[in-house]
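Visitor: Everything below, folded, please.
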Amino acid sequence: MSPTDMVLQPDTMKLLAELPKDVRLTRLAVKYPRIANRIAKDWLRPDLMKPYLRGLLIDERGGRQGFPPNIVAELLRISRYYETQVFPTDEPTTTKTPAWDDLH
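Guide: Residues are numbered from 1 along each chain as shown. Reported below is the predicted structural model:
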């Protein structure tokens, strides 16, 4: 891990400031700056961003601990926002589940 993985990059801070308040990744940015930096880096690349967000939410490699519930909630909100507002698709979103829909 490089030292820049441990601090938010300027592009990341800019993206976080521009996101609507209800989808801002505030907890994730504090606890996992490397992930927030990666999201900012690939934000305009749906071919990279959509699978990355999906991979954060679904353990496809097995044996991972997973994120705390408050981080999962942020990831679900940003994923839904990305797939409905930033780069909408006609495909059903894989992150929409009734149990999480009521989180705000």
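Visitor: only C-alpha atoms for contact and neighbour calcs from this point on.
Guide: OK.
Visitor: Would you mark the buried spots in whatever helix or strand Ile35 lives in?
Guide: According to DSSP states H and E, Ile35 maps onto helix 33-42. By neighbour count with 16 or more other Cα atoms under 10 Å, helix 33-42 contains the buried residues Pro33, Arg34, Ile35, Ala36, Asn37, Ile39, Ala40, Lys41.
Visitor: contact partners of it?
Guide: 4-9, 11-12, 15, 25, 28-29, 48-49 (Cα atoms under 8 Å, 6 or more residues apart in numbering).
Visitor: Tell me the one among the buried residues of helix 33-42 nearest to Glu74.
Guide: Ala36 (11.3 Å; Cα to Cα).
Visitor: and the contacts of helix 33-42, which of them are in strands?
Guide: Secondary structure defined by DSSP state E assigns none of the contacts of helix 33-42 to strands.
Visitor: Mind putting those residues into TSV with neighbour count?
Guide: Formatted as TSV, the contacts of helix 33-42 follow (neighbours: other Cα atoms under 10 Å):
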residue	neighbour count
Thr4	11
Asp5	15
Met6	16
Val7	16
Leu8	19
Gln9	17
Asp11	14
Thr12	22
Leu15	18
Leu25	23
Leu28	19
Ala29	20
Leu48	13
Met49	21
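Visitor: Just the closest of those to Ser79, please.
Guide: Of the contacts of helix 33-42, the one sitting nearest to Ser79 (Cα to Cα) turns out to be Met49, at 9.1 Å.
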